[in-house]
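Colleague: Below: sequence and its predicted model.
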2 protein chains.
Amino acid sequence: MKLHQHIQKFTASGDEIVQSIIQKFTCIHTRKKELLLGEGERCTDYFYVETGCLRLYFVDEKGAEQTIQFALEGWWLTDLDAFHKNAAAAYSIQVLEGGTVMKINKPALDELMKKYPVLENYFRQVYQRSYSAALYRFKTLRMSKESSYDLFESNYPDFIQRIPQKMLASFLGFTPEYLSELRKRKAGKK
Amino acid sequence: MKLHQHIQKFTASGDEIVQSIIQKFTCIHTRKKELLLGEGERCTDYFYVETGCLRLYFVDEKGAEQTIQFALEGWWLTDLDAFHKNAAAAYSIQVLEGGTVMKINKPALDELMKKYPVLENYFRQVYQRSYSAALYRFKTLRMSKESSYDLFESNYPDFIQRIPQKMLASFLGFTPEYLSELRKRKAGKK
DNA sequence: GTCATTTCTTAAACCAGCTTAAGTTTTTTT
DNA sequence: AAAAAAACTTAAGCTGGTTTAAGAAATGAC
């Protein structure tokens, strides 16, 4: 979903206002494996996915990539803390599936927020939804790995087809080998 | 911190406006172990902790209580999803430490949000902070249990003294027995 | 101040999920 | 179309953390 549609959907505001907001964003075309933000770099931008898919991850003490978050169409992604503090990123953002992404930097966003109350309302809702989803994910992470996988599968059946299994394993918090074993076990049961 | 101070701190808005907002909230005094919300009940209220401490938890398939979130002074807590959908709660909220709490129901909050743009701004910041903290916690949950504990200890040294160990264990995602063992090991090292 | 309840500790047996390593399949590059 | 790289599978051995169970310490109730 295009960003201006998304803002209109959430705020039911007029076309002109939304157009003047949208102008301040930059549209970029992303390619698979491209890095939009690297761990340690200054985090300057906030990304909205119109099409394609991004992931937020970090590299743990053992050198393994740990995926914290995916962003599909209609979701925002950045290292929030670093973005708002204009600090070095604790995570990297990589393109999993190419597409188009809208981005904006902190000064521009702050200015827009001041100028358009509708945008405060929009981001209040966006964050509310994100935090709510986070609470739900904390819950699923407390279950056994198997239940955690089952739940993800039933919530996002299409998404599972789109991404490499190792990414999913890393998101759910287990090894690719174990995911492979799990799937084998499940296939046998059916 | 009192709610009106908190709103003023985040929004730098005038005393009168904040006073008329505050009026719509109800102040309650909480007692240790009291249940402010029970799993399965309709979730009607959103809580702001002025003093004391709350926890959000659910009961897993094995009957164990799993703590998702603590709320200390200055933090908001509810089953966000259920609150905004006016639905049955997937979690319970219990008082860990008595004190005073401000609460508000959905219709009242919606009305205030419409009337006072300053409140949109306030909650945008509150959610932003919450979501940012959630991302950080996802990161810590990917580490070994020991690192996860060490990090919590260095981030909240005082808080550890305030709550029962089994609550902390349940928040960090391990058993009280294991936490006990961990602490013993650490005490030995020093 | 005493009894009852809850919390914390200890230790042994156990298991879900990880590691390692080698082979197979798929995707990407040229 | 071939070669290279990346992703997935399989299986054996291992380990971080759980389970179970019983006792000790702290807290709360009357």
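Modeller: Nice, thanks for sending it over. In this text, all values refer to a predicted model and were calculated from it rather than measured experimentally.
Colleague: OK, contacts around the most centrally placed residue in chain A?
Modeller: Against the mean C-alpha coordinate of chain A, by Cα atoms, centre = their mean, the closest residue is A:A71 at 2.6 Å. Neighbour list for A:A71: A:F47, A:V49, A:C53, A:L54, A:R55, A:L56, A:L77 [criterion: Cβ atoms under 8 Å, 6 or more residues apart in numbering or on different chains]. Where C-beta positions appear, they are placed from N, C-alpha and C, glycine not excepted.
Colleague: quick one: average pLDDT of the helix ranked longest in chain A?
Modeller: Ranked by number of residues, the top helix in chain A under DSSP state H is helix A:117-141. In this model, helix A:117-141 carries a mean pLDDT of 97.
Colleague: Can you list the helices and strands that it packs against?
Modeller: Applying 3 or more Cβ pairs under 8 Å, 6 or more residues apart in numbering or on different chains; DSSP states H and E, one finds that helix A:117-141 contacts helix A:3-11, helix A:15-22, helix A:106-115, helix A:145-155, strand B:65-71, helix B:80-85, helix B:117-141.
Colleague: can you list the residues of chain A near DNA strand C?
Modeller: Residues of chain A found near DNA strand C (Cβ under 7 Å from any atom of the strand) are A:K32, A:K62, A:S144, A:K145, A:E146, A:G173, A:F174, A:T175, A:E177, A:Y178.
Colleague: Tell me which of those residues fall in helices.
Modeller: Those of those lying in helices (DSSP H): A:K145, A:E146, A:E177, A:Y178.
Colleague: right, and A:T44 touches A:A108 too?
Modeller: No - counting by Cβ atoms under 8 Å, A:A108 is not a contact partner of A:T44; they are 10.2 Å apart.
Colleague: count of neighbours near A:M102?
Modeller: 21 (other Cβ atoms under 10 Å in any protein chain shown).
Colleague: Return the alpha-carbon coordinates of the strand or helix carrying it using PDB.
Modeller: Element membership for A:M102 (DSSP states H and E) is strand A:99-105. The C-alpha coordinates for strand A:99-105 follow below in PDB (Å, rounded to 0.1, in the frame of the first residue of the first chain):
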ATOM      1  CA  GLY A  99      10.500  -3.200  -4.000                       C
ATOM      2  CA  THR A 100       9.800   0.400  -3.200                       C
ATOM      3  CA  VAL A 101      10.400   2.100   0.100                       C
ATOM      4  CA  MET A 102       9.600   5.700   1.300                       C
ATOM      5  CA  LYS A 103      12.100   7.200   3.700                       C
ATOM      6  CA  ILE A 104      12.400  10.400   5.700                       C
ATOM      7  CA  ASN A 105      15.000  11.800   8.000                       C
END
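Colleague: who touches that strand?
Modeller: By Cβ under 8 Å, 6+ apart, strand A:99-105 touches A:3, A:22, A:24-30, A:36, A:44-54, A:73, A:112.
Colleague: swap in stretch A:139-152?
Modeller: Counting by Cβ under 8 Å, 6+ apart, residues outside stretch A:139-152 touching it are A:160, A:168, A:172-174, A:178-179, A:182, B:58, B:60-61, B:66, B:68, B:90-91, B:141, B:173.
Colleague: Now do the contacts for the closest residue to A:V126 other than its chain neighbours.
Modeller: In space, A:V126 comes closest to A:W76 once its chain neighbours are excluded; the distance is 5.9 Å by Cβ to Cβ, 6 or more residues apart in numbering or on different chains. Applying Cβ under 8 Å, 6+ apart, we find A:W76 in contact with A:Y46, A:F47, A:Y48, A:V49, A:V126, A:S130.
Colleague: mind redoing it with 10 Å?
Modeller: A:3, A:6, A:46-49, A:54, A:102, A:123, A:126-127, A:129-130 (Cβ atoms under 10 Å, 6 or more residues apart in numbering or on different chains).
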